[in-house]
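J.: Okay, here's the prediction I keep looking at, along with the sequence it came from:
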Amino acid sequence: MHQDVERILFTEDQIRAGIDRVAAEVTRTYSSTPFTVVSVLKGSCVFASDLIRRIPIPLELAFVSAASYGEGTTSGALQLNFFPAESEIQGRNLLLVDDILDTGKTLSRLVGEMHRRGARDVKSCVFLDKPARRAVAFQSDFRAFEVDDLFVVGYGLDFAGHYRNLPYVGALRKECYERPRSAMR
Ligand code: IMP
Ligand code: MG
């Protein structure tokens, strides 16, 4: 797996520092407001689990599942697989947490869906932000890092379902997007 990474963009130490900073911002924002962290699966599971452990105030946790990428490196049709129960959305202050804000389609759709289902307030927090790729106007309320227009993997981010378990974020070698899935180590 490591040999498929062309270069490391964020090391484990840098990630830890970025998350400490975002966690402090989130903590300040919700210091007197009850809220629910809604982790967007699958990509945000690593980030969300590190983030919540650095937020020392009460919060609840819920999950939503969205998939847009399929097996390529460009965005496909957005599939929303499941939502939290109605009782976990209605009247609640939600913080949607995602791995990366790319075209913006996933988060803008999810924010709309949460409002439609009765959320009181919806904010968003992303691990990575790729502003160069935005296709719909959307800005997250919190972000750990900005990245250039590169396809990145690790720390929850995948290519065709792989590399989520890398502890750092790296740029994938070009050959790796091009070779067939069966050749993946
Ligand atoms: P958006 O809807 O285009 O903003 O895309 C959001 C989703 O696309 C993310 O949750 C990721 O699953 C995926 N994605 C976008 N860029 C990358 C990348 O560089 N590496 C891995 N996944 C990505
Ligand atoms: Mg994803």
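T.: All right, it came through fine. Ligands and ions are numbered 1, 2, ... in the order given.
J.: what does the chain have sitting close to ligand 1?
T.: Applying CB under 6 Å from any ligand atom, one finds that the chain approaches ligand 1 through 43, 68-69, 75, 98-106, 151-153, 157-158. (Glycine included, C-beta is placed from N, CA and C.)
J.: any idea how far the lengthiest helix in the chain is from the chain center?
T.: Of all the segments assigned as helix in the chain under DSSP state H, the longest by residue count is helix 12-29. On the basis of CA atoms, centre = their mean, to the nearest Å, helix 12-29 sits 14 Å off its chain's mean C-alpha point.
J.: Would you mind pulling the contact partners of that helix?
T.: Helix 12-29 is contacted from outside by 10, 47, 50-51, 54-57, 95, 123, 125, 141-145, 155, 167-169, using CB atoms under 8 Å, 6 or more residues apart in numbering.
J.: Same question for stretch 73-85.
T.: 36, 38, 62-70, 89, 102-103, 105-106, 109-110, 113, 117, 135, 151, 159, 177.
J.: residues of the one helix or strand in the chain whose mean pLDDT sits lowest that come out buried?
T.: Least confident helix or strand, the chain: helix 174-178 with a mean of 85, by mean pLDDT, DSSP states H and E. Using 16 or more other CB atoms under 10 Å as the test for burial, helix 174-178 gives C176.
J.: just to revisit the earlier point, cross the residues of the chain next to ligand 1 against strands and list the overlap.
T.: Secondary structure defined by DSSP state E assigns D98, D99, I100, L101, V152, V153 of the residues of the chain next to ligand 1 to strands.
J.: Could you dump those into JSON lines with pLDDT added?
T.: Shown next, in JSON lines, are those (pLDDT from 0 to 100):
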{"residue": "D98", "pLDDT": "98"}
{"residue": "D99", "pLDDT": "98"}
{"residue": "I100", "pLDDT": "98"}
{"residue": "L101", "pLDDT": "97"}
{"residue": "V152", "pLDDT": "96"}
{"residue": "V153", "pLDDT": "97"}
